[in-house]
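K.L.:
got a predicted structure here, sequence first:
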Amino acid sequence: MRITHTPGVVIFADLNTTIGYCRYTEEGAVEYIFVSRACRRRGYAKQLLKLVEERVRCKVRFQLPISTLGEKLRASYDQSTRQYPDPGTPDSYMNSNSIPERPGLEPHINTIHKVNGQ
């Protein structure tokens, strides 16, 4: 596999095709990430994000709009990079009743509130 890293773009390729690529800003915002359908579910997207993190020296964030597959990747990335607090300290983000604003998720948030009795 060949890795090409130019400012703002990381590309994974083999001899015949592009496996995947990621466009990003120097501030760590992922503009676009793509992995070929034949190469998905092999960890290439996470590897691309790891290379971007190393380059920009911070946790990446995803720019809107996010596709359905992009949302799954974002959730997986957030879970794998979450910093857990020490066991002796209160976990403020788990005790919070606030839900961060995300455009287009209002119907889902209303469903969550109904399930939780809020």
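P.N.:
Done, it's in.

K.L.:
where along this protein do the strands fall?
P.N.:
Under the criterion DSSP state E, strands of the chain are mapped to 2-6, 9-13, 18-24, 29-35, 61-62.

K.L.:
hmm, L73 is touching V35, no?
P.N.:
No - with contacts counted by CB atoms under 8 Å, L73 stays clear of V35, the gap being 9.1 Å. Backbone N, C-alpha and C define where each C-beta goes, glycine included.

K.L.:
name the residue in the two with the higher neighbour count.
P.N.:
Neighbours were counted for L73 and for V35 using other CB atoms under 10 Å; V35 has more, 23 against 20.

K.L.:
just to revisit the earlier point, for the strands of the chain, give me a markdown table that also has distance to G43 and mean pLDDT.
P.N.:
Shown next, in a markdown table, are those (distance: least, CB to CB, whole Å; pLDDT from 0 to 100):
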| stretch | distance to G43 | mean pLDDT |
| --- | --- | --- |
| strand 2-6 | 14 | 93 |
| strand 9-13 | 11 | 96 |
| strand 18-24 | 10 | 97 |
| strand 29-35 | 10 | 96 |
| strand 61-62 | 18 | 94 |
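
K.L.:
need the winner for burial among the ones you listed.
P.N.:
Across the strands of the chain, averaging neighbours per residue (mean count of other CB atoms under 10 Å) puts strand 18-24 on top, at a mean of 20.

K.L.:
what inclination does that one have with respect to strand 29-35?
P.N.:
Put simply, strand 18-24 runs at 170 degrees to strand 29-35, going by axes from the mean of the first three to the mean of the last three CA atoms, to 10 degrees.

K.L.:
packing partners for strand 18-24?
P.N.:
In this structure, strand 18-24 makes packing contacts with strand 9-13, strand 29-35, helix 44-56, judged by 3 or more CB pairs under 8 Å, 6 or more residues apart in numbering; DSSP states H and E.
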